[in-house]
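**Student:** The sequence isn't on hand, but the structure is:
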């Protein structure tokens, strides 16, 4: 049986993404499971993988993008227990999810409640787990505290706002004017970064307890300046650097280290979902399961602007790089889910 997947044979722009057809399904080995993919996120992180500039990523083409997925167990290899065909599961895989079928280690899979929408469920895997862990595992925010979220209209930004609202946080969201309604609808005060100095605004209102910043470069410094004594900056990406807008990843890391050495009463802690999962693998499963419970209970609902076909991956990446997406895009891989 043949199947489709999206591959890139060289790093580059969205045009390098090609849909190809493989002649035979992969067969699971010992401890492996074959998954029929139902949904995969299309995220800014995927565009960085496609360009070959994702920090710490050492794989080389040919490869398929796709950081996370939700799918159905299709076939299990020897030695696998507790997973049967038809079970809905999720995983964070860094690359490879833009495909109709794939193999995964059985012990990396997280069960998904069968009644959940696959598109909403996959939204939890990278974006919501990242926001949840930065709030609860890294910054350890308390109900009623304050925070700005940069890129508040994007996939991780909207996750922050939904989860922050659960904690009754005082929230500020920097985003373009076109995303004001989305940001305010999620309970945050909108700051148009093109017209307003967010540091001046936050300092005038008493500064904040935590700041979450994936912009990088000078923005990290400005976010740090907006913190109260005892506050925490959580950098988690390098948007400006990856888009050729300046900044240096090594210099940014040096700044973070320096801020933690200086006696300024504040701290900075860089977050990487992959690094934290390696260090505490059970946290990922616990946190993702907790998010599935919130989703099932109707307490959170991800902002999905578009559901697109696997064949539309190129278009999805173009929209993401144009910052034209309010919330997120999900690739509905199996035709019955489009």
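**Tutor:** Alright, I've got the coordinates. It should be emphasised that the depicted structure is a prediction, and the values quoted were computed from it without experimental measurement.

**Student:** where's residue 101 relative to residue 5, distance?
**Tutor:** 8 Å (CB to CB, to the nearest Å). Just so you know, the C-beta spots here come from the backbone N, C-alpha and C atoms, and that holds for glycine as well.

**Student:** residue ranges with poor pLDDT in the protein?
**Tutor:** Counting by pLDDT under 70, the chain has low-confidence residues at 239-243, 335-338.

**Student:** Break it down into its structural domains.
**Tutor:** Split into domains by automatic domain parsing, the chain comes to 3-112+303-337, 125-274.

**Student:** How many residues are close by residue 115?
**Tutor:** 8 (other CB atoms under 10 Å).

**Student:** Return the distance of it relative to residue 71.
**Tutor:** When residue 115 is compared with residue 71 (using CB to CB), they lie 16 Å apart.

**Student:** Please enumerate the strands of the stretch 151-300 of the chain.
**Tutor:** 170-175, 189-192, 208-213, 227-235, 267-268 (DSSP state E, counting those that start in this stretch).

**Student:** Roughly how far does residue 74 sit from residue 136?
**Tutor:** Counting by CB to CB - residue 74 and residue 136 are separated by 34 Å.

**Student:** Which one of these two is surrounded by more residues?
**Tutor:** Legend: neighbour count by other CB under 10 Å for residue 74 and residue 136, higher for residue 74 (18 against 15).

**Student:** So that one: helix, strand or coil?
**Tutor:** strand (DSSP: H, G, I helix; E, B strand; the rest coil).

**Student:** what about residue 197, neighbour count?
**Tutor:** 12.

**Student:** backbone phi and psi for it, please?
**Tutor:** Main-chain torsions, residue 197, degrees, to the nearest 10: phi -80, psi 110.

**Student:** All further residue positions should be reported with the first residue as 369.
**Tutor:** Sure, I'll start counting at 369 from here, so that last one is residue 565.

**Student:** centroid residue for the chain?
**Tutor:** Nearest to the mean C-alpha position of the chain, by CA atoms, centre = their mean, lies residue 495 at 3.0 Å.

**Student:** list the contacts for residue 394?
**Tutor:** Contact analysis of residue 394 by CB atoms under 8 Å, 6 or more residues apart in numbering lists 402, 469-471.

**Student:** Just the helices from this protein, written as ranges.
**Tutor:** Using DSSP state H, the helices found in the chain span residues 412-419, 486-491, 497-501, 523-534, 548-553, 566-572, 586-593, 607-610, 617-629, 641-647, 649-664, 681-689.

**Student:** Now distance to residue 463 and mean neighbour count too, for the ones you listed, in a markdown table please.
**Tutor:** A markdown table is the format used below for these (distance: least, CB to CB, whole Å; neighbours: other CB atoms under 10 Å):
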| stretch | distance to residue 463 | mean neighbour count |
| --- | --- | --- |
| helix 412-419 | 6 | 23 |
| helix 486-491 | 15 | 26 |
| helix 497-501 | 17 | 24 |
| helix 523-534 | 17 | 24 |
| helix 548-553 | 29 | 17 |
| helix 566-572 | 33 | 16 |
| helix 586-593 | 26 | 19 |
| helix 607-610 | 16 | 20 |
| helix 617-629 | 19 | 13 |
| helix 641-647 | 11 | 15 |
| helix 649-664 | 17 | 17 |
| helix 681-689 | 13 | 20 |
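
**Student:** Reformat those helices as a markdown table; add distance to residue 392.
**Tutor:** A markdown table is the format used below for the helices of the chain (distance: least, CB to CB, whole Å):
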| stretch | distance to residue 392 |
| --- | --- |
| helix 412-419 | 26 |
| helix 486-491 | 25 |
| helix 497-501 | 33 |
| helix 523-534 | 34 |
| helix 548-553 | 44 |
| helix 566-572 | 53 |
| helix 586-593 | 48 |
| helix 607-610 | 36 |
| helix 617-629 | 40 |
| helix 641-647 | 30 |
| helix 649-664 | 31 |
| helix 681-689 | 22 |
